[in-house]
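Student: Sequence isn't available, so here's the structure alone:
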């Protein structure tokens with residue numbers, strides 16, 4: 001299991017990274033996945049805005065974007081390279097305040113959300129949304145990250 005955590009901002013995030021790494025590894029364990037690889041890259045609103053505009057055609061910042069390498073479903077079940085997750089630290093701070101919970105919880109939530117997208121989960125229809133959001137909360141709960 002290889003999870004790269006990269007901070008492309010001037011924020012000090014090392015303490016958060018230690019916990020987020022545990023949360024993600026716990027989620028992979030819950031899902032029965034051992035040999036996977038992906039990256040989490042923390043950026044600012046300006047950077048994620050550009051990604052969102054360039055790759056999704058949406059001209060605004062967002063909180064998290066996942067770039068999955070397995071969209072075609074032809075992956076090696078023994079060793080999976082999933083892709084990259086980009087998270088806006090600016091959105092982490094503003095949404096933590098908006099939802100009245102900790103920065104750690106918001107960062108962990110967005111990392112898990114992005115990881116589940118890399119694994120093929122989605123929330124475009126009600127049933128899939130319920131499944132994905134329930135799984136997110138279970139993973140966060142296992143790690144002791146609660147509201």
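Tutor: Thanks, I have it. From a predicted model like this one, the values you see are computed outputs, not experimental measurements. Numbering: from 1, shown residues only.
Student: Give me the below-cutoff pLDDT ranges for the chain.
Tutor: Low-confidence segments of the chain, defined by pLDDT under 70, span residues 71-78.
Student: how close does residue 122 get to residue 129?
Tutor: As judged by Cβ to Cβ, to the nearest Å, residue 122 and residue 129 stand 8 Å apart. In this view, the C-beta of every residue, glycine as well, is placed from N, C-alpha and C.
Student: before we move on, what about residue 20?
Tutor: Taking Cβ to Cβ as the measure, residue 20 falls 23 Å from residue 129.
Student: and those two? which has more neighbours close in?
Tutor: Applying other Cβ atoms under 10 Å to residue 20 and residue 129 shows that residue 20 carries more neighbours, namely 25 against 13.
Student: Distance from the chain centre to stretch 42-50, please.
Tutor: In terms of Cα atoms, centre = their mean, to the nearest Å, the gap separating the centre of stretch 42-50 from the centre of its chain is 15 Å.
Student: try stretch 125-145
Tutor: In terms of Cα atoms, centre = their mean, the centre of stretch 125-145 is set 12 Å apart from its chain centre.
Student: buried ones in that stretch?
Tutor: Residues of stretch 125-145 classed as buried by neighbour count (16 or more other Cβ atoms under 10 Å): 132, 135, 136, 139, 140, 143, 145.
Student: Hmm, the last one is touching residue 108, no?
Tutor: Meaning residue 145. Yes. If you go by Cβ atoms under 8 Å, residue 145 and residue 108 touch, sitting 4.8 Å apart.
Student: list the residues that contact both of the two?
Tutor: 19, 23 (Cβ atoms under 8 Å, 6 or more residues apart in numbering).
Student: Need the distance between the two termini of stretch 26-44.
Tutor: Its start and end residues considered, stretch 26-44 measures 27 Å (Cα to Cα, to the nearest Å).
Student: Might you calculate how far it sits from the centre of the chain?
Tutor: For stretch 26-44, the distance between its averaged C-alpha position and the chain's averaged C-alpha position is 8 Å (Cα atoms, centre = their mean).
Student: Perfect, that will be all.
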